[in-house]
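Asker: Build me a model:
(2 chains)
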Amino acid sequence: MDAAAIPIRWAVEQDQRELVLTELFSRHGESLVRLAYCLIGERELAEEAVQDAYLSLYRNWRTVRKESSSLAYLRATVINRCRSDQRRLIRARTRDPLVAMTQATTVPSSEASVIAQDESSRIFAEVGRLPQRQREVVVCRYYLDLSERQTAELLGISLGSVKRHAHRGLAHLQSRLGENR
Amino acid sequence: MNTLERRVTDALHEQVDELPISTKDLAQLQRELHRRARGPELRDRRWVGSRPWQLVVAACAVTGVVLGVLSLRSDPEPPKLPAGPGPITLTELAGVWKVQDPDNPWLWIFGADGTLTHSDGPDVPLTPVEGTAWTVTPVSGGFQTVNDTARWRTGDGVTGAGACIVTWGATLSTEGRMQGTVKQAGPTCQLQPSDEVWEWIRISPASIAGTNLSPHGAITNEEILTGTTKLFGTWLLKGTGKVLAVQPSATGPGREQAQYTLYDFGVAAEPETGTVRWQTDGWTFVLTPDQGTCSAVYEKAAYRTSTMVATLAVGSCARLGGAIDTWIRLN
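Answerer: Numbers count the residues shown, from 1 in each chain, chains lettered A, B, ... in the order given. Sure thing, here's the model as predicted:
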């Protein structure tokens, strides 16, 4: 192999990857930030999650190439990242009682909490309080408007699980919204 | 869709779609994304005016119309992505790899015989840390690391021991970078499967990524070294695959004498060991190998921001690099 050619070839590949990255960010960046915000309720964390998803795609070029859809990969990675962030937030709140008390009254976020107590903000807040998998299913079904089968594929769970989590999530919301009326 | 489902749908869209995300916000996010994608060693490079950015901007302009059309499609086909490197072998892994994180001092040393040791100090390969001797086996799409007697301690002080098998999905680039994620791990392993992407740069044998490694860490003013203490650690001779590990001597006083190991995987069969002695003038230091009498004499070494520039004395019998050597601190 001609050693002198390696950096040139790499530069070409890197340029190509950056071009593709730019294209994909232009297409899906904003919608993915909104998806992440819907899941985690924190603007800053949402933006980080989306950046990490694109970086994951950038660094796993070969793997992603085999995926049927880059959007599906990005969505799945954003959801995974939000799941990790949620766990980290919960752990942090558990370790620090002061934080726990503060956060307990502001879930899913301080941004959401300052919104007036109209119905949509109450529903949004209650979705943020759902157990992780129920929240993901509800967001996929009712924010992304995915079918049950598409939701199952995106989350990597069975169709039955999607039905079960959606049912429980909606039941939970019905109960909570009824109590708050 | 029943009434509740409709209420939830409307509420989520109302709350989330009203989140203000401006074009400026997205542009900032995209700039940050590219900066992170290019890696920490290029973070100081200006994007505006650089060739890759110009290409990106130009391409955006040219493909704007195409994207507009594509955006109307509900599920566009993913863009074609470039092909990556081939499968990993022990030969490709053999050498010293630095975790690509400015704040992470760990080095991974893969042996051609399938061994793996880790260290965050200058103790490899002299005295591998207990419990860090692993074996490596290539597997489809990556490699597997096994430790029969792993001992570990977390930041919370929790310790554990037991056999640990970790399966890594990994890819190599021709320029000497490796990326991997933990795919599977036994319950006794400290590492557990996650989406976290690890990245390493091959330091020795020399690689393109390794020779382009830049100094990291806090910016410090230049100081002239007057004792061995500042030398303690692991150093890479810039532009080569030579690694110099300096640690306190077991017998001599720390300030005037230290022990060194110099290795260059793929070039030198065995590491060179010896002593570093500081001369009484306070500036000159001598590296004398355990085997032989030909020493390398440096008349001055200046340290600044994780980089040491050492000037070879006229008449020095041996030399590690050239007349003036630049060493980058690895840990």
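
Asker: how about stretch A:146-153: buried residues?
Answerer: Using 16 or more other Cβ atoms under 10 Å in any protein chain shown as the test for burial, stretch A:146-153 gives A:146, A:148, A:151, A:152, A:153. Quick note: C-beta positions are derived from backbone N, CA and C, even for glycine.

Asker: Return it as CSV; C-alpha atoms alone will do.
Answerer: The C-alpha trace of stretch A:146-153 is given here as CSV (Å, rounded to 0.1, in the frame of the first residue of the first chain):
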residue,chain,number,x,y,z
LEU,A,146,-46.2,5.5,14.4
SER,A,147,-48.2,2.4,14.1
GLU,A,148,-48.0,-0.3,16.7
ARG,A,149,-45.8,-2.4,14.4
GLN,A,150,-43.5,0.5,13.6
THR,A,151,-43.2,1.3,17.3
ALA,A,152,-42.3,-2.3,18.0
GLU,A,153,-39.6,-2.2,15.4
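
Asker: quick one: that stretch near chain B?
Answerer: No - Stretch A:146-153 lies out of reach of chain B by Cβ under 8 Å from any Cβ of the partner chain, never closer than 10.0 Å.

Asker: Can you give the contact residues for that stretch?
Answerer: Stretch A:146-153 is touched from outside by A:72, A:137, A:140, A:141, A:154, A:158, A:159, A:161, A:162, A:163, A:166, with contacts defined as Cβ atoms under 8 Å, 6 or more residues apart in numbering or on different chains.

Asker: The nearest residue to residue A:143 once chain neighbours are set aside: how many residues sit nearby?
Answerer: Among residues not flanking residue A:143 along the chain, residue B:12 sits closest, at 4.3 Å (Cβ to Cβ, 6 or more residues apart in numbering or on different chains). The number of residues packed near residue B:12 is 23, by other Cβ atoms under 10 Å in any protein chain shown.

Asker: quick one, phi/psi of residue B:270?
Answerer: Dihedral angles of residue B:270 (phi, psi; degrees, to the nearest 10) stand at phi -130, psi 150.

Asker: residues near it, how many?
Answerer: Residue B:270: 7 neighbours (other Cβ under 10 Å).

Asker: Specify the residue ranges that define each domain of chain A.
Answerer: Chain A resolves into domains spanning A:1-106, A:115-181 when parsed by automatic domain parsing.

Asker: Could you pull up the residues touching residue B:316?
Answerer: If a contact means Cβ under 8 Å, 6+ apart, then residue B:316 has B:295, B:296, B:297, B:298 as its contacts.

Asker: still on that earlier bit, out of the contacts of stretch A:146-153, who's near chain B?
Answerer: Counting by Cβ under 8 Å from any Cβ, the members of the contacts of stretch A:146-153 near chain B are residue A:141.

Asker: Of the contacts of stretch A:146-153, which pair is most distant in space?
Answerer: A:72 and A:163 (20.6 Å; Cβ to Cβ).

Asker: Residue B:144 and residue B:166 touch, don't they?
Answerer: Yes - between residue B:144 and residue B:166 there is a contact at 6.9 Å, judged by Cβ atoms under 8 Å.

Asker: who's more crowded, these two?
Answerer: Higher neighbour count among residue B:144 and residue B:166: residue B:166, with 21 against 16, using other Cβ under 10 Å.
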